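# got a structure for you, letters missing:
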């Protein structure tokens with residue numbers, strides 16, 4: 001295999017939005033605050049996106065403040081040479097160097113899309129089991145709304161650090177979902193020791209099933225991908 005010049009650096013919102021819309025199954029970015037880390041192999045090939053997480057209690061089970069951890073929310077890559085596990089590892093090192101207070105990263109693999117978390121297993125993340133089953137709604141325009149984002153009363157709910165309107169689910173389609181596979185990546189030795197007892201055997205895919213943890217596709221590349229200023233997670 002030919003050597004490739006893999007580069008990791010900050011990316012713009014526009015670049016991350018393009019990568020997610022073209023190279024990620026969700027086709028959408030979560031609400032801010034977000035941190036965008038771009039990936040290049042000579043040309044722009046995608047983005048790794050980190051967030052505070054949709055749930056305010058994301059880090060509570062580990063005794064951490066909201067500023068001490070984050071969630072890896074999107075891995076949006078087109079065709080690439082480097083392994084996804086390697087790209088994520090370097091992106092995390094980049095993030096840790098620029099945000100020294102971070103101690104833990106959480107990520108989820110969605111079995112509803114055939115994902116078991118192979119890219120995390122390859123990076124020796126700690127698997128801690130599945131979340132509880134949940135549900136979401138789809139409005140008439142096809143937009144997906146999480147269960148926490150809708151209310152019959154319409155009362156605003158705090159989401160991603162800001163109060164946002166909640167539409168009435170009455171005229172939406174209800175979709176039940178399976179629990180997601182949860183993976184943890186400690187960023188210091190003390191945190192690694194603290195959460196090691198939570199480790200469970202990695203989930204395995206049935207032998208006959210064939211799927212990929214990273215949906216890939218080709219496409220044009222946005223012209224403006226670099227971001228001059230970084231942002232805290």
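Arrived safely. Keep in mind the model is a prediction, meaning the values are calculated, not measured.
# For stretch 87-105, report the contacting residues that lie outside it.
6, 8-9, 35, 37, 39, 48, 50, 59, 62, 64, 67-72, 75, 77, 80, 119, 123, 184-188, 191, 195, 230, 232-233 (CB atoms under 8 Å, 6 or more residues apart in numbering). Any C-beta I mention is one placed from the backbone N, CA and C, and that applies to glycine too.
# do stretch 68-76 as well
Taking CB under 8 Å, 6+ apart as the rule, stretch 68-76 contacts 16, 19-20, 22-24, 26, 29-30, 34-35, 46-54, 58-59, 62, 84, 87-88, 95, 101-108, 119, 185, 214, 233.
# repeat that for 6 Å
19-20, 23-24, 30, 46-51, 53, 59, 103-107, 233 (CB atoms under 6 Å, 6 or more residues apart in numbering).
# I'd like the average pLDDT over the helix or strand that residue 9 is a member of.
Here residue 9, judged by DSSP states H and E, is contained in strand 6-10. When pLDDT is averaged over strand 6-10, the result is 97.
# Next, residue 18: secondary structure please.
What DSSP: H, G, I helix; E, B strand; the rest coil gives for residue 18 is helix.
# What about it, how many residues nearby?
Residue 18 has 23 neighbours, counted by other CB atoms under 10 Å.
# next one: residue 73
Residue 73: 22 neighbours (other CB under 10 Å).
# roughly how far apart are it and residue 140?
26 Å (CB to CB, to the nearest Å).
# which of the residues in the longest helix along the chain are buried?
If you go by DSSP state H, the chain has its longest helix at helix 84-98. Within helix 84-98, the residues that qualify as buried are 84-85, 87-92, 94-96, counting by 16 or more other CB atoms under 10 Å.
# Listing partners with orientation, what would you give for the helix or strand following it?
Next along the chain after helix 84-98, taking DSSP H and E as the criterion, comes strand 104-109. Counting by DSSP bridges, the strands paired with strand 104-109 are strand 69-77 (parallel), strand 181-186 (antiparallel).
# Let me know the angle separating strand 104-109 from helix 84-98.
In terms of direction (axes from the mean of the first three to the mean of the last three CA atoms, to 10 degrees), strand 104-109 departs from helix 84-98 by 150 degrees.
# Beyond strand 104-109, next helix or strand please.
Next element after strand 104-109 (DSSP H and E): helix 118-121.
# That next one - contacts with which helices or strands?
Using 3 or more CB pairs under 6 Å, 6 or more residues apart in numbering; DSSP states H and E as the contact test, no helix or strand touches helix 118-121.
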